[in-house]
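K.L.:
please find the sequence and the predicted model below.
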Amino acid sequence: MSEFTTAARPYAKAAFEVAQAESKQAEWSDALQFIDAVVCNDEFAAVIDNPAMGAEAKGDILLSICADKISDTQKNFIKVMAENSRLMLMPEIVVLFEALRAAAENTVEAIATAAYALSDAQVQSMTDALKKKLGCEVTLSTEVDSSLIGGVIIRAGDLVIDGSTKAKIESLTQAVGH
């Protein structure tokens, strides 16, 4: 996975720089996610994995699928990726592009996983606390995982705050030595 991220980084950076120059970060984000969905489709994955088919032919197939959904600049991006046999990097490119976009827009997407559904007031309180802690705009989504027993786990980028009852029990068990 690490080598994919390293190989994807220049493509993500180039896409982001073009998107920023065009002031079309949201459009690029949507386009890259659409392209990623096509590339990750099982049928298209078989095309990418076909050694008998040339890189340009693979790019042409992708372009024919995406043609009416992407701009000319985005088509050129796909051509370059195909010529360099890099289409399989699309999932990593999307992740890196979104990270660059979030940093530029001073935003972060966070996920709060709780044992039970959170109220709107709880979500707002957590969002406000994260904004204060991280110093940026926060978009908080929620998930329910009843195995947590109680409490909440918040993931925002590299930050993980585990306030779950399950984690506290595991910590106590380790401290007691069992």
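P.N.:
Happy to help now that I have it.
K.L.:
tell me the strands in this protein, going along the chain?
P.N.:
107-114, 137-144, 152-156, 159-162 (DSSP state E).
K.L.:
can I get the ones you listed in TSV with mean neighbour count?
P.N.:
Placement of C-beta: from N, CA and C, glycine included. Below are these laid out as TSV (neighbours: other CB atoms under 10 Å):
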stretch	mean neighbour count
strand 107-114	18
strand 137-144	15
strand 152-156	19
strand 159-162	13
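K.L.:
where does this protein have low pLDDT?
P.N.:
Within the chain, the stretches with pLDDT under 70 are 1-2, 178.
K.L.:
and the gap between the most centrally placed residue in the chain and I161?
P.N.:
Nearest to the geometric centre of the chain sits V95, at 3.7 Å (CA atoms, centre = their mean). Separation of V95 from I161 (CB to CB, to the nearest Å) stands at 21 Å.
K.L.:
quick one: residues contacting S146.
P.N.:
By CB atoms under 8 Å, 6 or more residues apart in numbering, the contact list for S146 reads A115, Y116.
K.L.:
these two touch, right, T73 and E17?
P.N.:
No. Judged on CB atoms under 8 Å, T73 makes no contact with E17 at a distance of 11.4 Å.
K.L.:
hey, where'd the helices end up in the protein?
P.N.:
For the chain, applying DSSP state H gives helices covering 2-21, 25-40, 42-48, 55-66, 72-83, 90-105, 120-134, 165-176.
K.L.:
can you redo these as TSV with distance to A156?
P.N.:
Putting the helices of the chain into TSV (distance: least, CB to CB, whole Å) gives the following:
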stretch	distance to A156
helix 2-21	20
helix 25-40	19
helix 42-48	31
helix 55-66	32
helix 72-83	29
helix 90-105	10
helix 120-134	6
helix 165-176	17
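K.L.:
run through the bridge partners of the nearest residue to I111 once chain neighbours are set aside.
P.N.:
Using CB to CB, 6 or more residues apart in numbering and skipping residues adjacent in sequence, the residue nearest I111 is R155, 5.0 Å away. Note on R155: beta-bridge partners by DSSP bridges are I111, V160.
K.L.:
show me the contacts for R155.
P.N.:
Counting by CB under 8 Å, 6+ apart, the residues that R155 touches are A110, I111, T113.
K.L.:
do D145 as well
P.N.:
D145 sits next to T113, A114, A115 when contact means CB under 8 Å, 6+ apart.
K.L.:
so if I had to pick from T73 and E17, which one is more boxed in?
P.N.:
Set T73 next to E17 and count neighbours by other CB atoms under 10 Å: T73 wins out with 16 against 11.
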